[in-house]
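Chemist: A predicted structure for the sequence below; I have some questions about it.
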Amino acid sequence: MSAKNGTERTASEGASADAEERSGYLGFVAHEVRNPLSTALWSAELLARMSAAERGGARGEKLTAMCLRSLGRVRQLVEDHFLCERLEVGGLPVRPEAIALRDALEHAAGHRPADVGEVSLDGVEAALAVSADRGLLERVLDALVSAAGRDGEPVRVSARLDGGRAMLRVSGAEAGPGALEDPRKGAAGDPKGRALALPAARRAAAALGGTLSVEEGAFVLTLPGAGAYTARPASPPLP
């Protein structure tokens, strides 16, 4: 076999493996979206057949809540899926700015889902800042807090500056070694619609010039530091 033929065979095998992996991922996404969407449609059809009085009763309220939960799950999945797709092709503009890391974490803690445990930020200094796109940073932190705090597990966050880079550690519920990998068809889903949140966070961290990994059951996020953060002075009162 010539060197050229060997190279072509290797490239062909690599492309085949990539296509298989991609197919498995899309199969998972399709399955995850189809199930709650079917539930939402079924609930909506039953509600449409009810009278106004029945829709206002206990059964109608239960079906309405079921429909809304299912649609919320679909929305989360679709948003995370298309965030992954846009980040993969570089189709999302990244606008870095200096952001106080503690402020961003407080925002994530304040907006965490009801089933996520309390968040402790005692290990994060107020002056520590990162250079990041605010929207992408919020998506990453939301995903990490939700994953570490699942089932009400308390979340502990610590951060430090190391050689011009901020290193953030988020611990709580133990993260498995494959927690950040793209799920494939047949993998367990998430009843809250968060199955793609961590893969999206991994891509977002890379787009921000950082890394996201799992070390000893905790999430470790590194981002470019922005030196000491100084809050903007308040605007002077108008005359």
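Modeler: Received the coordinates, thanks. Numbers count the residues shown, from 1 in each chain.

Chemist: tell me the domain ranges of the protein?
Modeler: 3-88, 97-228 (automatic domain parsing).

Chemist: most tightly surrounded among these?
Modeler: Mean neighbour counts were taken over the domains of the chain using mean count of other C-beta atoms under 10 Å, and the top value, a mean of 18, falls to domain 97-228. Where C-beta positions appear, they are placed from N, C-alpha and C, glycine not excepted.

Chemist: export the domains of the chain as CSV, with columns for mean pLDDT.
Modeler: CSV is the format used below for the domains of the chain (pLDDT from 0 to 100):
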stretch, mean pLDDT
domain 3-88, 86
domain 97-228, 92
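
Chemist: the residue positioned nearest the centre of the chain: what's it in contact with?
Modeler: When the chain is reduced to its mean C-alpha position, the nearest residue by C-alpha atoms, centre = their mean turns out to be A197, at 2.8 Å. Taking C-beta atoms under 8 Å, 6 or more residues apart in numbering, we find A197 in contact with 76, 80, 142-143, 146-147.

Chemist: now, those that are in strands?
Modeler: In strands, defined here by DSSP state E, there are no members of the contacts of A197.

Chemist: now G225: phi and psi?
Modeler: In this entry, G225 is assigned phi and psi values of phi -80, psi 160 (degrees, to the nearest 10).

Chemist: does it touch M167 like I think?
Modeler: No: between G225 and M167 no contact is recorded; they are 9.3 Å apart, counting by C-beta atoms under 8 Å.

Chemist: anything in contact with each of these two?
Modeler: Here G225 and M167 have L161 as joint contacts, going by C-beta under 8 Å, 6+ apart.

Chemist: how about the strands in the chain?
Modeler: Taking DSSP E as the criterion, the chain carries its strands at 97-100, 119-123, 128-132, 155-162, 165-171, 211-215, 218-228.
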